[in-house]
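K.L.:
how would this look folded up:
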Amino acid sequence: MDRSNIIKAAQKYERPTKYTILMRQHFDLFNARYSERAEREAKQVQDWNATQEKEKAGREGNAGTIRSAELVNGVDVNGI
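P.N.:
All right, here's what the predicted structure looks like:
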């Protein structure tokens with residue numbers, strides 16, 4: 001193989017390799033679309049709200065909300 005062709009082939013593979021190494025730490029920017037990130041953030045907010053509601057039910061301790069609570073005054077209701 002001609003020396004100039006070897007150099008061209010090496011350069012051809014060198015650039016994407018360098019780019020890959022440099023951008024690996026930012027992979028999440030290329031992996032997720034904006035709409036997917038928005039959906040994931042909305043789900044996290046919804047999960048957080050559900051957790052807060054369960055904790056509130058456990059703190060109140062009334063019969064209407066205790067069914068949805070997992071902890072009442074620090075005691076695991078599901079284990080009783």
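K.L.:
burial count for residue 53?
P.N.:
Residue 53 is flanked by 13 other residues according to other CB atoms under 10 Å. In this view, the C-beta of every residue, glycine as well, is placed from N, C-alpha and C.
K.L.:
Using the three-state scheme, assign it.
P.N.:
For residue 53, the reduced secondary structure class is helix; criterion used: DSSP: H, G, I helix; E, B strand; the rest coil.
K.L.:
how much space is there between it and residue 41?
P.N.:
Counting by CB to CB, to the nearest Å, the gap from residue 53 to residue 41 is 19 Å.
K.L.:
Over to residue 24?
P.N.:
Distance, residue 24 to residue 41, using CB to CB: 24 Å.
K.L.:
Which residue ranges of the protein form strands?
P.N.:
Counting by DSSP state E, the chain forms strands over residues 71-72, 75-76, given from the N-terminal end onward.
K.L.:
Return the member of those having the minimum mean pLDDT.
P.N.:
Out of the strands of the chain, strand 71-72 stands lowest, with a mean of 64 (criterion: mean pLDDT).
K.L.:
Residue 19 versus residue 26, what's the distance?
P.N.:
The span separating residue 26 from residue 19 equals 11 Å under the rule CB to CB.
K.L.:
how about low-confidence regions in the chain?
P.N.:
The chain contains residues with pLDDT under 70 at 1, 57-80.
K.L.:
quick check: domain ranges of it?
P.N.:
Described in terms of automatic domain parsing, the domain architecture of the chain consists of the residue ranges 1-31, 34-80.
K.L.:
Okay, buried residues for the first one please.
P.N.:
Going back to what we said before, that points to domain 1-31. Using 16 or more other CB atoms under 10 Å as the burial criterion, none of the residues of domain 1-31 qualify.
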